[in-house]
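In: Predicted model and sequence below, questions to follow.
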Amino acid sequence: MCCLAALCLSVAEAAIAAPGADPAIPNIFTPASTPADSVYHLSLFVLEVCAAIFIVVFSLLAYSVVKFRQRASDDGREPPQIYGSNQMELAWTVIPVLIVVVLFLATARVIHAVEDARFPPNAIEVTTVGHQFWWEFQYPQEGFVTANELHVPVSDAKQPTPTHITLLSADTDHSFWVPMLAGKTDLIPNRTNSMWIDPHETGTYVGQCAQYCGVQHAKMLLRVVVESRADFDKWIAGQRAPAQVADSVARGRQIFETTACVNCHTIAGTDAKGKFGPDLTHLMSRETIAAGAALNNRADLRQWIKDPEVLKPGSLMPAMQLPEQDLDALTDYLVSLR
């Protein structure tokens, strides 16, 4: 319970601190997807059972304290003691067992509904890879890769369009958790996990890694952007298209392709084929950089290239140590990647 409370607080604080985040604090009590809705109703049921237990126990305790309190008329002798009661022992054994069985069956029902769900042919397939400390999103059906912001279509109740997410880890343990869309699921090295969501409302849903994975665990944020089908198809078309680069930023592209940038990042249509860092082909289509640590604008992007430690201490991205003119040219090139 302490771990769950800490995780809820961590996500709430991250949502408040994240630049441009949805002002609504994400929590499991405002579900916007079928798996989250199932968890929500199970949580309410568990809370109701626990509240009933608390009321009964507290009432009995209060009754005992009042009825058997010491009075001025007492002669100071210990009252008669009763040892052994088959009825009481049977009650405090059978009743807790029945409560545990009921909670077990309710939980098993929800787990079965979520884990064994069947998906229609039009389900969206996404492969999520957790890195220290960012998220990679692969769309195998569409043939492109993006980072930190997962785009999915809204799901119509009459014709559901769920998104099936395959979860992998590139290094250590991570955990994918967007409270308003689904329960958290771990990403474990050399193991394939999966989960699914089917958001009922458009909007941006904030989540983060819920498994301590290193120094920058707290800033390993993620966003799930839920769009109408038309907007999602438009976004897909934009991500498939090659990046449009103006001739005015040719020097910046040259700097990018002749420095260590190409060893870590990929930009379609260039010599950059690195896989260690996020794909930058359509960098400026994202709202944030550094896994949600800063807004995606020219000033923050320039600072991120110059010295990542300023925005995200402990980041694995090195400071490029470029001359100011080269830094400006490289920033101009990256800003043009839309």
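Out: Happy to help now that I have it.

In: Tell me, how many residues neighbour the residue nearest to G143 when sequence neighbours are not counted?
Out: Counting by CB to CB, 6 or more residues apart in numbering, R240 is the residue found nearest to G143 once chain neighbours are left out, at 6.9 Å. C-betas here are computed from N, CA, C, even on glycine. Look at R240: counted by other CB atoms under 10 Å, it has 14 neighbours.

In: quick one: contacts for R240?
Out: E142, G143, F144 (CB atoms under 8 Å, 6 or more residues apart in numbering).

In: what separates the last one from A241, distance-wise?
Out: I take that to be F144. Here the criterion is CB to CB, to the nearest Å. By it, F144 lies 9 Å from A241.

In: try the first one
Out: Look at E142 and A241: by CB to CB, they are 12 Å apart.

In: R286 reaches L295, doesn't it?
Out: No: using CB atoms under 8 Å, R286 and L295 do not qualify as a contacting pair, with a distance of 10.0 Å.

In: So these two - more neighbours on which side?
Out: Comparing R286 with L295 by other CB under 10 Å, the one with more neighbours is R286, at 18 against 15.

In: contacting residues for that one?
Out: R286 neighbours (CB under 8 Å, 6+ apart): T146, A147, N148, E149, N296.

In: could you dump those to JSON lines with pLDDT, neighbour count and secondary structure?
Out: Output for the contacts of R286, formatted as JSON lines (pLDDT from 0 to 100; neighbours: other CB atoms under 10 Å; DSSP: H, G, I helix; E, B strand; the rest coil):
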{"residue": "T146", "pLDDT": "93", "neighbour count": "23", "secondary structure": "strand"}
{"residue": "A147", "pLDDT": "92", "neighbour count": "23", "secondary structure": "strand"}
{"residue": "N148", "pLDDT": "92", "neighbour count": "22", "secondary structure": "coil"}
{"residue": "E149", "pLDDT": "93", "neighbour count": "19", "secondary structure": "strand"}
{"residue": "N296", "pLDDT": "91", "neighbour count": "22", "secondary structure": "coil"}
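
In: ok, and for the helix or strand in which A230 is found, which residues are buried?
Out: A230 belongs to helix 229-240 when assigned by DSSP states H and E. Applying a neighbour-count criterion of 16 or more other CB atoms under 10 Å, one finds F232, W235, I236, Q239 buried in helix 229-240.

In: Which strands and helices lie in contact with whichever helix or strand comes after that helix?
Out: Per DSSP H and E, the first helix or strand lying C-terminal to helix 229-240 is helix 250-257. Helices and strands touching helix 250-257, by 3 or more CB pairs under 8 Å, 6 or more residues apart in numbering; DSSP states H and E, are helix 324-335.

In: mind checking how far the helix holding A230 is from the chain centre?
Out: 23 Å (CA atoms, centre = their mean, to the nearest Å).

In: Next: stretch 130-137.
Out: 12 Å.

In: for stretch 124-140, same thing?
Out: The answer for stretch 124-140 is 12 Å, by CA atoms, centre = their mean.

In: Counting neighbours, which bits of it end up buried?
Out: 124, 126-139.

In: Select, from those, the two members most distant in space.
Out: Greatest spatial distance among those (CB to CB): I124 and Q132, at 26.5 Å.

In: circling back: who has more neighbours, F144 and A241?
Out: Ranked by neighbour count (other CB under 10 Å), F144 and A241 place F144 first, with 18 against 13.

In: residue contacts, the closest residue to that one other than its chain neighbours?
Out: Nearest residue to F144, sequence neighbours excluded (CB to CB, 6+ apart): Q239, at 4.8 Å. Q239 makes contact with Y139, E142, F144, T146, T281, H282, S285 under the criterion CB under 8 Å, 6+ apart.

In: Dump those into CSV; add distance to F119 as well.
Out: Shown next, in CSV, are the contacts of Q239 (distance: CB to CB, whole Å):
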residue, distance to F119
Y139, 16
E142, 17
F144, 21
T146, 22
T281, 28
H282, 27
S285, 27
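
In: hang on, the earlier thing: and which of the buried residues of stretch 124-140 is nearest L42?
Out: Closest to L42, out of all of the buried residues of stretch 124-140 and judged by CB to CB, is T128, at 24.4 Å.

In: E136 is in contact with the closest one, correct?
Out: Yes: counting by CB under 8 Å, T128 touches E136, with 7.0 Å between them.

In: where along this protein do the helices fall?
Out: Applying DSSP state H to the chain gives helices spanning 2-17, 34-67, 86-115, 229-240, 250-257, 261-264, 298-306, 308-311, 324-335.

In: Select, out of those helices, the one closest to P80.
Out: Taking these one by one with CB to CB, helix 34-67 is closest: 14.6 Å.

In: so what secondary structure elements neighbour that closest one?
Out: Using 3+ CB pairs under 8 Å, 6+ apart: helix 34-67 touches helix 86-115, strand 193-197.

In: That helix versus helix 86-115: what angle between them?
Out: 160 degrees (axes from the mean of the first three to the mean of the last three CA atoms, to 10 degrees).

In: avg pLDDT for helix 34-67?
Out: Averaged across helix 34-67, the pLDDT comes to 93.

In: So for that helix, what gets flagged as buried?
Out: T34, P35, A36, D37, S38, V39, Y40, L42.

In: burial count for P26?
Out: 24.
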